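[1] Any chance you could fold what I've pasted below:
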Amino acid sequence: MTNAPSNILVLGGTGKTGSRLAAKLARLGLDIRTAARHGADVHFDWDDPTTHPPALRGIGRLYLVAPVMRMDFADQVATFLDLAETAGVRHVTYLSAHGVDQAPPRVAPRAVELDLIGRGAITHSILRPAWFMQDFSETFLKPVDGLITVPTANGSEAFIDAGDIAAVAAETLASPDAHAGAAYALTGPEAITVSAAAAVIADVTGKPMKHNDIDPDVWVQGAVAAGVPAEYGEMLRTLTETVASGMGSRPNDTVEKVTGAPAIRFADFARRTAQAWR
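    Have a look, this model is predicted:
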């Protein structure tokens, strides 16, 4: 592995973790190539196989982000990994999800994990992060009219900053031998409810903010009506039910153990991100 090319391909290179990872790897002086449908170094589309070989040319290490908003991607990713292995990729860091190790093998993220584990020519590191703090500023937890609408009741989650995920990913890609075979459950340093997160956001913005604990069926129906595929909507239902039932992620110190720096607290994230809510 130490003789493998250091060129690193970052899939989802314009996304929440990929863009931050690319910046960290560049600061380390590593050769990187970002890939995405728009705005990256190379054009990459999971549904256009002709974009895959050019993206992989000369690459030795890969940050793997599976197709988004879908739950049927295992075979597609397996075919891509076959191509990556043939092209000379020798280490893959895979962005999975918290608790996926407990999922049945037929569940796509777990199927990808098992695929990587079974490949003898490629080492791997698996990242299983909790819910992103950036969900509050960029995606489905972003407040609308002072309300954060999600059916999580009083359940708590150890939200993690995307920058911390990127920092761990950077360690695995910069020193793959040291992290070969690792599976890291990544969390923030505290578990908080959405109501508590809303209060923090209200404090840093000076604007009223509350958690709207909507009926799960209404929430999923609204997500599907807004364009979320039905199968993905059911996955979101499962995620929110897990938190609402008190089974959300619990804080650990994995980020600090891997990177040497403590994970970012939600209040620090909120202060840094306040402009997004103003």
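[2] Tell me how many other residues crowd R61.
    If you count neighbours by other Cβ atoms under 10 Å, R61 ends up with 27. In this view, the C-beta of every residue, glycine as well, is placed from N, C-alpha and C.
[3] State the distance from it to D217.
    From R61 across to D217, the span is 43 Å (Cβ to Cβ, to the nearest Å).
[4] Work out which residue lies at the spatial centre of this structure.
    Geometric centre of the chain, nearest residue: L95, 5.4 Å, by Cα atoms, centre = their mean.
[5] Next, work out how far apart the residue nearest to A103 when sequence neighbours are not counted and A36 are.
    Of all residues not flanking A103 in the chain, R110 sits nearest, at 4.2 Å (Cβ to Cβ, 6 or more residues apart in numbering). Taking Cβ to Cβ as the measure, R110 and A36 are separated by 25 Å.
[6] cool, V144 as well?
    Distance, V144 to A36, using Cβ to Cβ: 27 Å.
[7] and the two? which has more neighbours close in?
    A count of neighbours by other Cβ under 10 Å puts A36 above the other of V144 and A36, at 21 against 8.
[8] Surely R119 touches T86?
    No. Look at R119 against T86 with Cβ atoms under 8 Å: they stay out of range, at 11.8 Å.
[9] who's in contact with the residue of the chain most remote from its centre?
    Centroid-distance maximum for the chain: G206 at 29.7 Å, with Cα atoms, centre = their mean. By Cβ atoms under 8 Å, 6 or more residues apart in numbering, the contact set of G206 is empty.
[10] Just checking: what are the partner strands of the helix or strand encompassing T34?
    T34 belongs to strand 32-36 when assigned by DSSP states H and E. Strand pairing for strand 32-36, determined by DSSP bridges: strand 8-11 (parallel), strand 42-43 (parallel).
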